[in-house]
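Asker: can you look at this prediction? I've put the sequence above it.
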Amino acid sequence: MDRNALASVADAIHGASSVVAMTGAGVSTASGIPDFRSEDGIWTKYDPNDFHISRFRSDPGEFWRERVEMVEDVFGGDVRPNAAHEALTALEAEGYLETLITQNVDGLHQAAGSEDPIEIHGNGQRVVCTDCDRRFEVDPVMEQVKGGETPPTCKHCDGILKPDVILFGEQLPKNDLLRAQKASKDADVFLAIGSSLTVEPAASLPRYAVDRDGTLCIVNLDPTDLSDRAEYDFRADVTEFLPALAEHVIDR
Ligand SMILES: [Zn+2]
């Protein structure tokens, strides 16, 4: 890792009035969650069409049965926050990180203690009622499905429950997206972490920051679509880079 470049990112964070971090799949893979799009990612094993909103609408029972199978496969192990999640929580707690945006739906930022991450793709730890919009914990619902109660329904209004994640073909939550866009436009420093920056809106959020002369710092194992616009572009393991960065920022 280039220590000088790391130190100058830390300087930029110290001099910034607003720092935004956005995390993608690369932050979750270090916790044992497989990537979706990589060579041996989730979508090589499951058909994305089975998790499309139209499939949910036409056959919610079958959708849920396959969903439970996939979730057990993907999250079945001992999944916990890693050093990258913890470093971001430390930066937030010390007042150096104003906004945390995540593409991940695993809830690991909250598990690490982050207060209010903007989850642009939702949160798989919850379900939402398609009629009354109430939200519930997913675990009891998974048990219902395993027990043959499909599709699972809302205990208040009997509406059909949906995972509280953005399915293929679904609109992103408008308020969350607006919050993420505003924070990105106001960012003096934008940290894009573990994301290939190919899927919208993750691709355009860092661009807002750069277009307004914010400093873009990318940390990813592979080059990204925005690497040529980044002032700092680290090919690094996020679980090594972020703790080192947090230490630089906090300990001086
Ligand atoms: Zn309901």
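Answerer: Happy to help now that I have it. Residues are numbered from 1 along each chain as shown.
Asker: can we go C-alpha only for contacts and neighbour counts from here?
Answerer: Noted.
Asker: same for the longest helix seen in the chain, what does it pack against?
Answerer: When the chain is parsed with DSSP state H, its longest helix is helix 60-75. Helix 60-75 sits against helix 138-146, with contacts defined as 3 or more Cα pairs under 8 Å, 6 or more residues apart in numbering; DSSP states H and E.
Asker: packing partners for the helix or strand encompassing R179?
Answerer: Applying DSSP states H and E as the criterion places R179 in helix 174-186. For helix 174-186, the packing partners by 3+ Cα pairs under 8 Å, 6+ apart come out as strand 118-119, helix 205-211.
Asker: what is the first one packed up against?
Answerer: If I follow you right, that is strand 118-119. strand 99-102, helix 174-186.
Asker: and these, which is most packed in?
Answerer: Mean neighbours per residue, mean count of other Cα atoms under 10 Å, is largest over the helices and strands packed on strand 118-119 for strand 99-102, with a mean of 24.
Asker: any buried residues in the helix or strand just after that one, and which?
Answerer: Toward the C-terminal end, the helix or strand that comes next after strand 99-102 (DSSP H and E) is helix 108-111. By 16 or more other Cα atoms under 10 Å, the buried positions in helix 108-111 come out as 108-109.
Asker: can you list contacts of helix 108-111?
Answerer: With contact meaning Cα atoms under 8 Å, 6 or more residues apart in numbering, helix 108-111 is reached by 28, 80-81, 85-86, 89, 116-117.
Asker: and the residues you listed as TSV, adding neighbour count and pLDDT?
Answerer: Output for those, formatted as TSV (neighbours: other Cα atoms under 10 Å; pLDDT from 0 to 100):
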residue	neighbour count	pLDDT
S28	26	93
R80	18	93
P81	20	96
H85	26	98
E86	21	98
T89	23	98
D116	11	93
P117	17	97
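Asker: following the longest helix of the chain, which helix or strand shows up next?
Answerer: Later in the chain than helix 60-75, the nearest helix or strand by DSSP H and E is helix 83-93.
Asker: what is that next one packed up against?
Answerer: helix 108-111, helix 238-250.
Asker: just give the number of residues close to whichever residue of the stretch 1-150 of the chain sits closest to the ion.
Answerer: Among the residues of the stretch 1-150 of the chain, C132 lies nearest to the ion; the distance is 4.0 Å by Cα to the ion. Applying other Cα atoms under 10 Å, we find 14 residues neighbouring C132.
Asker: correct me, but it touches G159?
Answerer: Yes. Counting by Cα atoms under 8 Å, C132 touches G159, with 7.3 Å between them.
Asker: tell me the angle the lowest-mean-pLDDT helix or strand in the chain makes with helix 138-146.
Answerer: Least confident helix or strand, the chain: helix 60-75 with a mean of 89, by mean pLDDT, DSSP states H and E. In terms of direction (axes from the mean of the first three to the mean of the last three Cα atoms, to 10 degrees), helix 60-75 departs from helix 138-146 by 120 degrees.
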